[in-house]
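In: model this:
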Amino acid sequence: MLSNYITEVRGRVDSKKDISVAERDELVRLAEAKLSENFEAYHWNANIHGVVVRLVTNSAHLYDFWVENWYAGPRSHNILPHGVIYAVTGIAGQKPFAYYNHETKTAVFINTEYYGQCKSWALGMAADILETQHNVHSIHGSCAIVGGKGVVIIAPTGTGKSTHTWGLMQMPDGKIHSDDWLFLQYKKGLTMADISERKFYLRTDMVKSFPDIERLLKRCKCENVDGGDFAAFANSRAILDPDWIAGPDKFVDEAVVKAVILLRRDKDSLAEVKLSKDAAVRILEEGRYQVLAGAGKEVGEFKYESFYNPYLLVRRPEVQKAFFRQLFDSATCHILNTGVETVSETQERIRRIISEA
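Out: Presented below is the predicted three-dimensional model:
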């Protein structure tokens, strides 16, 4: 591996996403006081679909992954960001926690260096701005293109989004678009998908389904890979350039979406159900899922996450439902159960759905 950083906190920390401006100001003062103790402070502007989000941190690891992950934002001294993330470690007497204030578009992370939550909140901050000001729909999902048709896979963590997206890319006419998040715009009856990140932040345990990826992971910056074993910890990650996967011709940054696949994993549901628009929106709004390894502390419990999107910092269910209704006006929707079939069987279903879209 190019590098491997082991974080003390190895998953998402508890959070409060509706703090007041007064609480925000106090937390920023606390963060800036810690940052001022020495010269080890970093800041960098990311360009997330035109939204500039600035990271301010004393963690070299967070800064390293942040710069690696995003497209660069403007560097001019008089360019002000749309949002700011403070991520500060070493604050005595404070438990690891994350806070967000919508009015000022400010997030504060205390005593955590786990990059996954920092990245996801940056996307959530961009979504907060884009969905209200520019009518851009943000989706926690992956996207591939087969024969010119885009397919979006939306699912809870651990049910196979990345595995099946990569499986589609193995097809002669298959290409990869995004691994975790995409932006949708609805124009003239079409659904247009744009990428969100410069590089993929992906689970290294994908080696279990795609052993050949190990040679690429060995060239990546990694997080929480135990003992050099990419599959040892369910939430270990790597920052991977998508051009490395199968060459730049296999990666595209725009797609026209024709099909949507929802994934669930249980032992009781049917292997495949084609959904009406209303049924699809209802399932997405409910967001019922079972916690799987790498997705949280309470493995096996059933929880609810509207639209399968833990990244959204501000919940606007009516806006999200309206967006998804537009999506299903131009794309078919099926829900597949990865708990009752093998990966190859589910992959064959997805390939058939795309061919019929």
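In: Pull up the distance across stretch 310-324, start to finish.
Out: With CA to CA, to the nearest Å applied, stretch 310-324 spans 17 Å between its terminal residues.
In: Name the residues of that stretch that are buried.
Out: 310-314, 320-321, 323-324 (16 or more other CB atoms under 10 Å). Heads up, the C-betas are built off the backbone N, CA and C, glycines and all.
In: Over to stretch 78-93?
Out: Here stretch 78-93 shows 81-89 as buried, counting by 16+ other CB under 10 Å.
In: Residue ranges in the stretch 151-300 of the chain under the pLDDT threshold?
Out: 158, 292-300 (pLDDT under 70).
In: what do you get if the cut-off is 90, keeping everything else the same?
Out: For the stretch 151-300 of the chain, the stretches flagged by pLDDT under 90 are 155-163, 206, 209-210, 234, 246, 264-268, 288-300.
In: Which residue ranges of it form helices?
Out: Using DSSP state H, counting those that start in this stretch, the helices assigned to the stretch 151-300 of the chain run over residues 161-169, 214-217, 242-246, 277-286.
In: Find the one among the ones you listed with the highest mean neighbour count.
Out: Among the helices of the stretch 151-300 of the chain, ranked by average contacts under mean count of other CB atoms under 10 Å, first place goes to helix 161-169 (a mean of 23).
In: Show me what that one is packed up against.
Out: Where contact means 3 or more CB pairs under 8 Å, 6 or more residues apart in numbering; DSSP states H and E, helix 161-169 is packed against strand 142-146, strand 149-154, strand 174-178, helix 242-246, strand 254-264, helix 343-356.
In: mean confidence for the longest one?
Out: Read it as helix 343-356. For helix 343-356, mean pLDDT is 96.
In: Break this protein down into its structural domains.
Out: The record's domain parsing of the chain by automatic domain parsing lists 3-133, 137-199+241-356, 205-237.
In: State which helix of the protein is the longest.
Out: helix 115-133 (DSSP state H).
In: Now that helix: buried residues?
Out: 115-131.
In: quick one on the thing from earlier: mind giving me TSV with the helices of the stretch 151-300 of the chain and columns for distance to Val51?
Out: Putting those into TSV (distance: least, CB to CB, whole Å) gives the following:
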stretch	distance to Val51
helix 161-169	24
helix 214-217	29
helix 242-246	21
helix 277-286	24
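In: Tell me which of those sits nearest to Leu263.
Out: Closest to Leu263 of the helices of the stretch 151-300 of the chain, according to CB to CB: helix 161-169, at 6.8 Å.
In: and the gap between Val207 and Gly174?
Out: Here the criterion is CB to CB, to the nearest Å. By it, Val207 lies 20 Å from Gly174.
In: Ignore what I typed, I meant Lys187.
Out: Distance from Lys187 to Gly174, by CB to CB: 25 Å.
In: These two - which one has more neighbours?
Out: Shown here are Lys187 and Gly174; by other CB atoms under 10 Å, Gly174 has more neighbours (20 against 8).
In: hang on, isn't that one packed against Val146?
Out: Yes. Counting by CB atoms under 8 Å, Gly174 does reach Val146; the two are 4.9 Å apart.
In: shared neighbours of these two, anything?
Out: Common neighbours of Gly174 and Val146 (criterion: CB atoms under 8 Å, 6 or more residues apart in numbering): Leu168.
In: and of the buried residues of stretch 78-93, the nearest to Thr106?
Out: Nearest member of the buried residues of stretch 78-93 to Thr106, counting by CB to CB, is Val84, at 5.3 Å.
In: next one: phi and psi at that closest one?
Out: phi -130, psi 140 (degrees, to the nearest 10).
In: Show the contacting residues for it.
Out: Applying CB under 8 Å, 6+ apart, we find Val84 in contact with 53-54, 56, 105-107.
In: Kindly indicate the member of the residues you listed with the most neighbours.
Out: Result: Ala107 is most packed of the contacts of Val84 (other CB under 10 Å), 28 neighbours.
In: Who are the contact partners of Leu190?
Out: Counted by CB under 8 Å, 6+ apart, Leu190 has contacts 256, 330.
In: how much space between it and Gly73?
Out: Shown here: Leu190 relative to Gly73, a distance of 29 Å by CB to CB.
In: and Arg24, helix, strand or coil?
Out: Secondary structure assignment for Arg24 (DSSP: H, G, I helix; E, B strand; the rest coil): helix.
In: Report all helices and strands that the helix or strand where Tyr100 lies contacts.
Out: Secondary structure assignment for Tyr100, by DSSP states H and E: strand 97-101. Applying 3+ CB pairs under 8 Å, 6+ apart, we find strand 97-101 packed against strand 15-16, helix 21-35, strand 106-110, helix 115-133.
In: if you average pLDDT over the shortest one, what comes out?
Out: In other words, strand 15-16. Strand 15-16 comes out at a mean pLDDT of 97.
In: Check the burial of Val152 by counting its neighbours.
Out: 27.
In: How about the one 3 residues further on?
Out: Close neighbours of Ala155, defined as other CB under 10 Å, add up to 23.
In: who are the neighbours in contact with Val28?
Out: 86, 106, 108.
In: Next, format the residues you listed as a markdown table and append pLDDT and distance to Asn135.
Out: Listed next are the contacts of Val28 as a markdown table, based on pLDDT from 0 to 100; distance: CB to CB, whole Å:
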| residue | pLDDT | distance to Asn135 |
| --- | --- | --- |
| Tyr86 | 98 | 29 |
| Thr106 | 98 | 24 |
| Val108 | 98 | 29 |
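In: Ala46 is in contact with His82, correct?
Out: No. Here His82 does not reach Ala46: they are 10.4 Å apart, not a contact under CB under 8 Å.
In: Good, wrapping up.
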